[in-house]
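Peer 1: Pasting the sequence and the predicted model now:
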Amino acid sequence: MGTERQGEMIVVYEVWDPALLPIVKSLLQSAEIPFFVQGEEAMSLFPVGRMIGPFAKRGMAAAVMVPAEHLEAAREALREVEE
């Protein structure tokens with residue numbers, strides 16, 4: 001892994017389930033980690049979620065991004081979501 005520039009945004013988590021996104025956002029807010037969600041609006045275009053197969057998993061995910069300097073803290077904060 002190369003060196004990261006200060007302020008660079010890195011995807012820390014991809015969310016396919018619209019019900020899970022508020023939990024992810026809440027955990028990052030609680031840990032006081034700045035974040036940006038890319039693609040949140042597109043998640044609601046097809047409200048059937050995973051029922052439409054691989055398209056939902058590959059095409060409708062929201063990317064949760066954090067500054068590079070907060071990446072490890074964000075991963076730790078989101079560890080319980082992974083489990």
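Peer 2: Ah, there it is.

Peer 1: Now do the strands in the chain.
Peer 2: Listed in chain order, the strands of the chain (DSSP state E) span 9-15, 36-38, 62-67.

Peer 1: Generate a markdown table for the ones you listed, with mean pLDDT, distance to E76 and mean neighbour count as supplementary columns.
Peer 2: All C-beta atoms are positioned from the backbone trio N, CA, C, and that covers glycine. Supplementary listing: these in a markdown table, determined by pLDDT from 0 to 100; distance: least, CB to CB, whole Å; neighbours: other CB atoms under 10 Å:
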| stretch | mean pLDDT | distance to E76 | mean neighbour count |
| --- | --- | --- | --- |
| strand 9-15 | 94 | 10 | 18 |
| strand 36-38 | 94 | 19 | 14 |
| strand 62-67 | 95 | 12 | 21 |
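
Peer 1: For V81, find the nearest of these.
Peer 2: Nearest to V81 among these is strand 9-15; the distance by CB to CB comes to 7.2 Å.

Peer 1: Which pLDDT value does the model give E32?
Peer 2: What the model reports for E32 is a pLDDT of 97.

Peer 1: The strands of the chain: which one's closest to R79?
Peer 2: Of all the strands of the chain, the one in closest proximity to R79, counting by CB to CB, is strand 9-15 (10.6 Å).

Peer 1: quick one: strands adjacent to that closest one?
Peer 2: Applying DSSP bridges to the sheet, strand 9-15 is found paired with strand 62-67 (antiparallel).

Peer 1: Let me see the residues that make contact with the partner strand.
Peer 2: Contacting residues not belonging to strand 62-67 are listed as 7-15, 21, 24-25, 28, 33-40, 42-43, 74 [CB atoms under 8 Å, 6 or more residues apart in numbering].

Peer 1: for stretch 30-48, same thing?
Peer 2: Contacts for stretch 30-48 (CB under 8 Å, 6+ apart): 9, 12, 15-16, 18, 21, 25, 28, 52, 56, 60-67, 70, 73-74, 76-77.

Peer 1: at 7 Å what do you get?
Peer 2: Contacts of stretch 30-48 with the rest of the structure, by CB atoms under 7 Å, 6 or more residues apart in numbering, involve 9, 18, 21, 28, 52, 56, 60-67, 70, 73-74, 77.
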